[in-house]
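*Asks:* build the 3D model from these lines:
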Amino acid sequence: PVATITVVANRPPTWAAGGEMATPQTIFVGDTLKQTYKADDLDGDTITYAFIGNHPSDANLNTSTGVFTWAPQTASQFPVIIQVSATDGKSTPITTQAIITIKVGVITVAGKVTYDNTSNTPIVGATVKLMNGATVAGTATTSATGAYSITGVTGGTSYTLTATKTTGWPSSAVLASDALLTARSSVGTVTLTANQKLAADVTGDGTVTAGDALQILRRVVGAITSFTIADWQFETKTVVVGGASVTADFKGIAAGDVNESATTLPKKSEVSVLSGKNLKISPNSEFELPVKLNAAQEVGAFTLRFTYPVQMMTFKSVKSNVGVISYAKDGKISIAWAKIPGEKTLKKGEAPTMLLVFKATKAFAKSSTAGLTLDNGEIVNVVGKNMADASVNMSQVDVAIPSTFALSQNHLNPFNPSTVIEYQLPVKGNVTLTIYNTLGQVVKTLIDNQVVEAGSYKTRWNATNLASGIYFYSLRVEGTKGFLKTKKMILLK
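*Replies:* Next up, the predicted model:
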């Protein structure tokens with residue numbers, strides 16, 4: 001028999017459909033590029049894959065399966081060229097090459113942080129945090145334009161953006177009008193936005209109540225220096241990062257600035273002042289300085305910030321027909337009030353009035369004039385709108401030295417159980433003020449040989465433990481000039 005032998009030449013591998021990475025790629029630092037090279041060999045020979053030429057040292061190519069993986073750690077401004085060969089290993093191998101260029105970039109999450117107001121005022125110096133669960137994936141500090149940029153972000157992940165800020169709380173922008181808006185929200189007469197609620201819930205209990213309004217008022221006047229929550233509140237924003245950089249802007253707001261008035265940080269409000277008649281007082285005397293608000297509409301809230309000469313006047317207290325909150329320190333007085341649910345209401349047409357109680361010091365010399373200076377303030381109506389026609393009426397004080405000694409009739413008389421005795425001195429002297437019964441016995445010594453400066457004075461006597469009847473009070477002054485005077489009073493129970 002004759003054998004027929006057919007010699008078949010070795011057939012080189014060929015790339016399978018889609019088996020080579022033939023189009024340019026762009027990946028980002030933190031991403032992993034994975035590609036499977038696939039070649040077919042009609043002879044069934046084993047195919048081996050290999051890099052050709054230079055390639056990234058941290059790239060990997062499985063020589064048997066053709067799986068290519070690369071997770072670049074640094075960006076490159078130049079394309080990286082990848083060449084891969086497939087061979088069947090025969091003596092006369094035919095190698096097919098796939099050539100691809102890969103650009104390596106950095107994923108960035110960037111944007112602006114602005115104040116939640118109509119002006120979108122940049123918030124400067126805020127620390128922006130990109131969170132992956134409880135892990136901080138990156139941080140950045142906002143610039144003068146409120147911009148931030150966090151680079152080297154890993155793609156294919158959902159992140160949370162937020163921020164913190166510890167400085168620059170706009171105290172001049174947080175006023176009684178913010179407390180009013182908070183109080184109105186607590187009873188449902190207004191609806192706050194999500195960010196306004198962040199600013200209003202200063203107690204941090206998750207609800208907006210009249211208690212938050214009260215705390216805002218206390219911070220306005222300086223009675224407290226912080227809230228339970230942080231001074232700055234920011235939105236929490238979810239950012240999904242794929243294979244490209246992301247722009248994410250978000251908002252912040254100052255705690256307590258519920259009406260979002262801080263268009264320029266800080267804000268200063270103005271209230272006009274009308275001068276009243278000067279009051280006459282004496283050194284060392286206690287006096288009341290009236291302050292009255294004038295407005296065509298019903299007042300819903302006000303903030304008034306005064307200065308006064310501490311060397312001449314000592315602040316004691318504030319009396320008012322509304323529940324004001326006040327705080328005084330280093331010659332400055334802040335007074336605030338807002339219409340809060342449950343508080344005593346004013347009669348129709350009645351305006352808030354105050355009596356600021358001071359005591360004149362020894363430095364308040366003869367012919368001196370002093371009083372309050374209104375630094376800034378705000379008066380709003382019951383819906384929180386500024387009233388352009390609103391003003392404050394207040395007086396100055398002049399010292400008045402009495403020209404003669406005097407002991408006035410007690411007031412009230414008859415009285416039960418207490419009464420006020422007034423006297424005046426034209427010069428300094430040693431003062432004794434004594435109470436006697438009808439038998440001439442000493443019942444009470446109210447002032448016992450004390451040195452008292454020239455001026456007008458008041459002393460209260462309480463006779464709770466005494467029986468009804470006639471009593472006498474006697475003023476004795478010894479010094480460069482002497483004085484003795486006795487008057488009768490009636491205790492009637």
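
*Asks:* which residue ranges of the stretch 251-400 of the chain form helices?
*Replies:* Taking DSSP state H, counting those that start in this stretch as the criterion, the stretch 251-400 of the chain carries no helices.

*Asks:* how about low-confidence regions in it?
*Replies:* In the predicted model of the stretch 251-400 of the chain, residues 262-270, 283, 365-368 satisfy pLDDT under 70.

*Asks:* wait, Ile325 sits on Ile335?
*Replies:* Yes - contact criterion Cβ atoms under 8 Å: Ile325 and Ile335 qualify, at 7.4 Å. Yep, even glycine has a C-beta here, placed from its N, CA and C like the rest.

*Asks:* what is in contact with those two at once?
*Replies:* Val221 (Cβ atoms under 8 Å, 6 or more residues apart in numbering).

*Asks:* more neighbours: these two, which one.
*Replies:* Ile335 (25 against 21; other Cβ atoms under 10 Å).

*Asks:* roughly how far apart are that one and Ala176?
*Replies:* Using Cβ to Cβ, to the nearest Å, Ile335 is found at 9 Å from Ala176.

*Asks:* now for the two: what residues contact both?
*Replies:* Phe302, Thr303.

*Asks:* local confidence estimate at the closest residue to Ile340 other than its chain neighbours?
*Replies:* In this structure, Ile340 finds its nearest non-sequential neighbour in Ala183, 4.5 Å apart by Cβ to Cβ, 6 or more residues apart in numbering. Looking at Ala183, its pLDDT stands at 93.

*Asks:* next: Ser91.
*Replies:* So Ser91 comes in at 64 (pLDDT).

*Asks:* follow-up on the earlier one: surely the residue nearest to Ile340 is within a strand?
*Replies:* No - judged by DSSP: H, G, I helix; E, B strand; the rest coil, Ala183 forms no part of a strand; its state is helix.

*Asks:* quick one: contacts for it?
*Replies:* Applying Cβ under 8 Å, 6+ apart to Ala183 gives the contacts Ala210, Ala213, Ala338, Lys339, Ile340, Pro341.

*Asks:* please apply the same query to Thr69.
*Replies:* Contact analysis of Thr69 by Cβ under 8 Å, 6+ apart lists Thr32, Leu33, Lys34, Ala59, Asn60.

*Asks:* excluding chain neighbours, what is closest to the first one?
*Replies:* Which is Thr32. Among residues not flanking Thr32 along the chain, Ala71 sits closest, at 4.3 Å (Cβ to Cβ, 6+ apart).

*Asks:* ok, the fourth one next?
*Replies:* The shortest distance from Ala59 to any residue other than its chain neighbours is 4.1 Å, reached at Trp70 (Cβ to Cβ, 6+ apart).

*Asks:* who are the contact partners of that neighbour?
*Replies:* Ile27, Thr32, Leu33, Pro56, Asp58, Ala59, Asn60, Ile102.

*Asks:* buried subset of those?
*Replies:* Buried members of these, counted by 16 or more other Cβ atoms under 10 Å: Ile27, Leu33, Pro56, Ala59, Ile102.

*Asks:* Trp232: which of those residues is nearest?
*Replies:* The nearest member of the buried ones among the contacts of Trp70 to Trp232, counting by Cβ to Cβ, is Ile27 at 37.2 Å.

*Asks:* for the closest one, helix, strand, or coil?
*Replies:* From three-state DSSP, the assignment for Ile27 is strand.

*Asks:* please list all residues in contact with it.
*Replies:* Contacts for Ile27 (Cβ under 8 Å, 6+ apart) come out as Leu33, Trp70, Pro72, Ile102, Lys103, Val104, Gly105, Gly243.

*Asks:* and the fourth one, bridged to which residues?
*Replies:* If I follow you right, that is Ile102. Per DSSP bridges, the residues bridged to Ile102 are Gln25, Val80.
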